[in-house]
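Undergrad: using only what follows, build the 3D model:
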Amino acid sequence: MSGHRAAVVVFAMLTVTRTANAQTIGSDSGVWVREARVSTGYAWVQLPPVTLGGVLPTDVLTADSITTASMTIDWRRVGPQTEYGLEASGVYSTRAYYWPLNAPGADVRFGVIRHAGPRWRLEAIGDGVLANSDQVAFQPTLSSQLVNAAGSVGDLANALARSRDPDLTQAELFVPVRESLGASDVYGNRIALWSARAGAIYTHSTRLAVELHGNYTAVRRVSLNNDPGLALPFPDSNATSAGAELTYDRTEHSRITTAVDWSQISGAYTDGDVVATAGYEWTGRKWFLQTEAGAAVRLVEPTTAAATVIPDRNPAIVGRAAVGYRFRGQSLFAQYRRASHDEYGHGGRNVATGFDGNVQSLDGSWVWSPPRRSWSTQATVSMLRGPGNFSYIYEWMTTVSIGRELGQQFRLMGELLFDRHGSRAFEGFALEREGAQVTLIWTPRRRRIE
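TA: Model (predicted):
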């Protein structure tokens, strides 16, 4: 079958969307069409000239034309005390030349929120993802979703806080898979990801609240997509975490937070720790600021048949800082994180080589949407620094887009992407991806499925 004649199949599976233009569903029950989009573009992928093993790739995917189509729906049922939600999208991507890489993708999230009395709220969410690098590359980051959804700086600050907790009315704030699985990491692989989260929030007063939560995440490589130039194998990983957070609203515009979390991961690295942090949040008329800092104490290290790793009991400094701006047509958000590891097996200590390191990430987005104008522009940058076998691996992703409204329900958007994944210690081992695409987006105004 020729990729030029491949039919673009759009299937509306009951799967969750993570798109920059997602709409808030509202409080009424029903099934809704949220969005449909078709994009076409060109991508260049340059594999490293040699791998760390010294083996030349059998093929280099220099360039290809890629077409992607997707559709998203939502279902919600709202009762006096209980709310159910299912966010859904399906996607299919095709290539003109490397047609064996044609593949469907899916993403599903089901959530339940129950108000147990005047002070307790119970939450549970299950999530599943199936994707490849073509479907992940242009996916929006958390920062781009935040700046697109916020109508004021207060909305921006509150949305960031809510993005860390289940909220069925804020589907656009779900952290996209791209936040943790970059296109370079996934390249040549089909990835299945699923997670489950449960939480309980106790509101003692209008100012004081306590949250208890637990989470499990698993990532598996499903297949290699018959890719002739695979350079970056993707390890399976598991993560389990549990913790508690206390929030105190000091004033109408400021908040103090404290949290304690336990976590255990396995993947490219195996690690576990207990983290204690304290934070402060402030919101002004145009700006907001959120900071938190603390320490992570590593748990007992695993042992292997080849060697026994001596546990490192020195606390690691961890933290997060976020800043946002919203005024008239300008929106800006940037966030920096430093952690001992993440839920996908990055960070910790490599028991084979002894290399030890933390994970640092940066995510920022700027949007300019002039009032009473039909066009807007956006720039997004993200960076992830995680340990490799012998040194740190750096991944940079940058996108620039220009969009124009075509009436009330359609939008045309052009995007450029640059993605680089590599190591400073092994400059020859770096993958670069560049791409450009044009996307037509249909966003119906609460189009209900009868």
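Undergrad: hey, let's count contacts and neighbours off CA atoms from now on
TA: OK.
Undergrad: pLDDT weak spots in the stretch 351-450 of the chain?
TA: Along the stretch 351-450 of the chain, the model assigns pLDDT under 70 to residues 351-355, 389-390, 423-429, 445-450.
Undergrad: tell me where it has strands.
TA: Remark: strands assigned in the stretch 351-450 of the chain by DSSP state E, counting those that start in this stretch are 356-357, 359-368, 375-387, 392-406, 410-423, 430-442, 447-448.
Undergrad: quick one, which of the ones you listed gets closest to Met71.
TA: strand 430-442 (9.3 Å; C-alpha to C-alpha).
Undergrad: give the partner strands of the closest one in its sheet and their orientations.
TA: In the sheet, strand 430-442 lines up against strand 30-46 (antiparallel), strand 410-423 (antiparallel) (DSSP bridges).
Undergrad: re earlier: mind putting the strands of the stretch 351-450 of the chain into TSV with mean neighbour count?
TA: What follows is the strands of the stretch 351-450 of the chain, written out as TSV (neighbours: other C-alpha atoms under 10 Å):
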stretch	mean neighbour count
strand 356-357	20
strand 359-368	21
strand 375-387	20
strand 392-406	19
strand 410-423	19
strand 430-442	20
strand 447-448	14
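Undergrad: kindly reformat those strands as a markdown table containing distance to Gln145.
TA: Putting those into a markdown table (distance: least, C-alpha to C-alpha, whole Å) gives the following:
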| stretch | distance to Gln145 |
| --- | --- |
| strand 356-357 | 30 |
| strand 359-368 | 9 |
| strand 375-387 | 10 |
| strand 392-406 | 13 |
| strand 410-423 | 15 |
| strand 430-442 | 16 |
| strand 447-448 | 22 |
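Undergrad: out of those strands, nearest to His253?
TA: strand 359-368 (23.1 Å).
Undergrad: and the closest one, which strands flank it?
TA: strand 330-339 (antiparallel), strand 375-387 (antiparallel).
Undergrad: ok so, going back, nearest to Ser223, out of the strands of the stretch 351-450 of the chain?
TA: Per C-alpha to C-alpha, nearest to Ser223 of the strands of the stretch 351-450 of the chain: strand 430-442, 19.9 Å.
Undergrad: tell me what angle that closest one forms with strand 392-406.
TA: Interaxial angle of strand 430-442 relative to strand 392-406 (axes from the mean of the first three to the mean of the last three C-alpha atoms, to 10 degrees): 20 degrees.
Undergrad: give the bridge partners for Glu434, please.
TA: Trp44, Phe418.
Undergrad: can you give me the strands for the stretch 51-200 of the chain?
TA: Counting by DSSP E, counting those that start in this stretch, the stretch 51-200 of the chain has strands at residues 64-78, 82-95, 103-116, 120-132, 190-203.
Undergrad: who's in contact with the fourth one?
TA: Meaning strand 120-132. Contacts of strand 120-132 with the rest of the structure, by C-alpha atoms under 8 Å, 6 or more residues apart in numbering, involve 15-16, 103-116, 166, 183, 186-203.
Undergrad: list the strands paired with that strand, with their directions.
TA: Applying DSSP bridges, strand 120-132 is found paired with strand 103-116 (antiparallel), strand 190-203 (antiparallel).
Undergrad: partners of the helix or strand just after the last one in the sheet?
TA: The one in question is strand 190-203. Sequence order places strand 208-223 as the next helix or strand after strand 190-203, per DSSP states H and E. Strand 208-223 pairs in its sheet with strand 190-203 (antiparallel), strand 237-251 (antiparallel), by DSSP bridges.
Undergrad: looking at those strands, which is closest to Val222?
TA: strand 190-203 (5.3 Å).
Undergrad: what's the neighbour count on Gly407?
TA: Gly407 sits with 8 neighbouring residues when counted by other C-alpha atoms under 10 Å.
Undergrad: got a list of what it touches?
TA: No contacts exist for Gly407 under C-alpha under 8 Å, 6+ apart.
Undergrad: how far away is it from Leu440?
TA: Counting by C-alpha to C-alpha, to the nearest Å, the gap from Gly407 to Leu440 is 12 Å.
Undergrad: give me the buried entries from the contacts of strand 120-132.
TA: The neighbour-count test (16 or more other C-alpha atoms under 10 Å) applied to the contacts of strand 120-132 identifies 15-16, 103-115, 166, 183, 186-203 as buried.
Undergrad: for the protein, which helix is longest?
TA: In terms of residue count, the longest helix belonging to the chain (DSSP state H) is helix 153-162.
Undergrad: for it, which outside residues touch it?
TA: Here helix 153-162 has contacts from 146-147, 149-150, 173, 283-289, 324-327, using C-alpha under 8 Å, 6+ apart.
Undergrad: buried stuff in that helix?
TA: In helix 153-162, counting by 16+ other C-alpha under 10 Å, buried: 153-157, 159-160.
Undergrad: need the residues you listed in TSV with pLDDT, can you?
TA: Shown next, in TSV, are these (pLDDT from 0 to 100):
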residue	pLDDT
Val153	81
Gly154	77
Asp155	73
Leu156	75
Ala157	77
Ala159	68
Leu160	72
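Undergrad: between those residues, which is closest to Tyr216?
TA: Each of those was checked against Tyr216 using C-alpha to C-alpha; the closest is Leu160, at 21.6 Å.
Undergrad: that closest one and Phe333, how far apart?
TA: In terms of C-alpha to C-alpha, Leu160 sits 10 Å off from Phe333.
Undergrad: name the residues contacting each of those two.
TA: Counting by C-alpha under 8 Å, 6+ apart, the contacts common to Leu160 and Phe333 are Leu146.
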